[in-house]
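Asker: Here is the input, now give the coordinates:
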Amino acid sequence: MTAKKAESYVRQTGVGDTVTMGPEAEFFIFDDVRFAVEPYNTGFKLDSTELPSNCDTEYEMGNLGHRPRTKGGYFPINPVDSAQDIRSEMLSAMAEMGVTVEKHHHEVAAAQHELGIKFNTLTTIADHLQLYKYAIHNVAQAWGKTATFMPKPVYGDNGTGMHVHQSIWKDGKPTFAGNQYADL
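Answerer: Residues are numbered from 1 along each chain as shown. Here you go, the predicted structure:
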């Protein structure tokens, strides 16, 4: 309801006739999530085969050693980017739900990711963002993993953000463009 009110306000005040948004919501995918909430034991532990702390972990099929270093995960290619297939499936699920998808890539932190959905009107993109999170959580679950949008699940590494590209259009022209401040 808030998105509809905001769009209505922009139209009623004459500021513009269309509000568009393009969010980029980042998230983490973990292989194992453990937590405890007890009187004398409270905390959590996260694990992913991508974490630098797993360089010497013994795996049943062997440790191939392909993982991003701390803060070294921005746009790596396979085999360092081990989540390309799961992200592709997330995009496919969103497309089936009517969300126009554009891209996906690994983010800076180990196990951190971003999927790109195409900008749209404020109300539509608000709905699409709910589908975005729904698809990510459920596809991760189907793969036996956990996805989280927590802002800072990993101490000392990048947190998840949500950059939002914004524009207001009036009579087919962007109101943020021009040679004066915001041209409003």
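Asker: just the helices in the chain please.
Answerer: 2-13, 84-96, 122-142 (DSSP state H).
Asker: Next, the buried residues of the last one.
Answerer: For helix 122-142, burial by neighbour count (16 or more other C-beta atoms under 10 Å) applies to 122-126, 128-129, 131-132, 135-137, 139-140. Where you see a C-beta, it was placed from the backbone N, CA and C, and this is true even at glycine.
Asker: Name the nearest of these relative to residue 104.
Answerer: Ranked by distance to residue 104 (C-beta to C-beta), the buried residues of helix 122-142 are led by residue 136 at 10.6 Å.
Asker: could the helices of the chain go into JSON lines alongside distance to residue 167 and mean pLDDT?
Answerer: Shown next, in JSON lines, are these (distance: least, C-beta to C-beta, whole Å; pLDDT from 0 to 100):
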{"stretch": "helix 2-13", "distance to residue 167": "11", "mean pLDDT": "94"}
{"stretch": "helix 84-96", "distance to residue 167": "22", "mean pLDDT": "96"}
{"stretch": "helix 122-142", "distance to residue 167": "10", "mean pLDDT": "97"}
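Asker: Now do residue 51, the pLDDT please.
Answerer: On pLDDT, residue 51 comes in at 81.
Asker: what's the spacing between it and residue 172?
Answerer: 48 Å (C-beta to C-beta, to the nearest Å).
Asker: now the buried residues of helix 122-142 in CSV, with distance to residue 45?
Answerer: Shown next, in CSV, are the buried residues of helix 122-142 (distance: C-beta to C-beta, whole Å):
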residue, distance to residue 45
122, 39
123, 39
124, 39
125, 35
126, 34
128, 33
129, 29
131, 30
132, 27
135, 26
136, 22
137, 20
139, 23
140, 18
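Asker: biggest strand in this structure, by residue count?
Answerer: strand 18-30 (DSSP state E).
Asker: in that one, what's buried?
Answerer: Quick answer for strand 18-30 (16+ other C-beta under 10 Å): 18-23, 25-30.
Asker: And stretch 96-112, by the same measure?
Answerer: 99, 101, 104-112.
Asker: Identify the residues contacting stretch 14-22?
Answerer: 6-7, 10-11, 117-122, 125-126, 164-171, 175, 184 (C-beta atoms under 8 Å, 6 or more residues apart in numbering).
Asker: which ones are touching the most centrally placed residue in the chain?
Answerer: Centroid-nearest residue in the chain: residue 26, 2.5 Å away (criterion: C-alpha atoms, centre = their mean). By C-beta under 8 Å, 6+ apart, the residues touching residue 26 are 107, 112-114, 149, 160-162.
Asker: let's go with 6 Å and repeat that
Answerer: By C-beta atoms under 6 Å, 6 or more residues apart in numbering, the residues touching residue 26 are 107, 114, 160-161.
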